[in-house]
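1. got a predicted model here, sequence first, then my questions.
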Amino acid sequence: MPLGFCHLSSILCSDQTTPSCVVVVTSLERVSREVVLVFIRAPLPGTVKTRLAATLGDQAALAVYRWLVERTLHALGASPRSWSLRALVAGDLNALGGWRALVDDVRPQCEGDLGARMGEAMGDALREGFARVVIVGTDCPTLDAETVRTAMDALHAVPAVMAPALDGGYYLLGGSTTLPVFEGIPWSTEVVAAETRTRLAQAGLSWRELPAASDIDRAEDLRHLTVRDDCPDWIRALRPEGT
């Protein structure tokens, strides 16, 4: 966990003549000013991947969901990294099990719709002193540390960054300031990304966009996952014929 090394900087930097001190402080300062907020649900049958479950059943949808979450947390939490990794959880925190060990911080999501929950989480992180905040879900199988690094770098130049999903939503949203994009959005529709662009433009905020990618929401979306080398055979076996 990167922030666990912060106490070391005061020891290493007690001698201000040590050249390596500058490198250590720069690295730790960068860590302390970037955070990735991963929005997840407690892994309970019937509460996750409900659109996928409509075709595959609750248990199969839960298994796919668990695989996607663990893939995301491993990809974004691997060392070395320059950000703190925080899980924002909807549902029973006690159901997380081993997922707690894959992140630096676990917090419950607040009440309200998705926009209210994301807005509160981003606002909290900014108020805590993080300079660059990136929000992600766990539905995109191509989301990786390089994507997050690109987003963080973009936030040095512009106040917002977005990575659209092929279904019209987005799989990543980042900001270096409070963004006016969380209220009145028709969530889980094909116009979420478009409406987000409109809100940013109306507020006079510039932004950068990362390449679009697929989300795994429905059974037909499994085709985007089964072509990957890291897709397990049991998920390939779940893909309905003709999709």
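-> Yes, it's here. Note that the coordinates shown come from a computational prediction; the quantities given were computed from them, not determined experimentally.
2. would you map the strands across this protein?
-> Taking DSSP state E to define them, one finds strands in the chain at 34-41, 84-90, 105-108, 132-136, 160-164, 170-175, 207-209.
3. can you redo these as JSON lines with mean pLDDT?
-> As requested, the strands of the chain are arranged in JSON lines below (pLDDT from 0 to 100):
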{"stretch": "strand 34-41", "mean pLDDT": "98"}
{"stretch": "strand 84-90", "mean pLDDT": "98"}
{"stretch": "strand 105-108", "mean pLDDT": "97"}
{"stretch": "strand 132-136", "mean pLDDT": "98"}
{"stretch": "strand 160-164", "mean pLDDT": "98"}
{"stretch": "strand 170-175", "mean pLDDT": "98"}
{"stretch": "strand 207-209", "mean pLDDT": "98"}
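4. so which of these comes closest to Met118?
-> Among those, strand 132-136 comes nearest to Met118, with 5.6 Å by Cβ to Cβ. To be clear about C-beta, it is placed using only N, CA and C from the backbone, and glycine gets the same treatment.
5. run the angle between that closest one and strand 34-41 for me.
-> 20 degrees (axes from the mean of the first three to the mean of the last three Cα atoms, to 10 degrees).
6. just the C-alphas of strand 132-136, formatted as CSV.
-> Extracted in CSV, the C-alpha atoms of strand 132-136 (Å, rounded to 0.1, in the frame of the first residue of the first chain):
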residue,chain,number,x,y,z
ARG,A,132,-6.4,14.2,-9.2
VAL,A,133,-9.4,11.9,-8.7
VAL,A,134,-10.4,9.1,-11.1
ILE,A,135,-13.6,7.1,-10.7
VAL,A,136,-13.9,3.7,-12.3
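7. give me the contacts around it.
-> 33-39, 72, 76, 83, 118, 121-122, 125-126, 143, 148, 151-152, 155-156, 161, 171-176 (Cβ atoms under 8 Å, 6 or more residues apart in numbering).
8. now the buried members of the residues you listed.
-> 33-39, 72, 76, 83, 118, 121-122, 125-126, 143, 148, 151-152, 155, 161, 171-176 (16 or more other Cβ atoms under 10 Å).
9. state the distance from Val48 to Leu225.
-> 16 Å (Cβ to Cβ, to the nearest Å).
10. that concludes my questions; thank you for your assistance.
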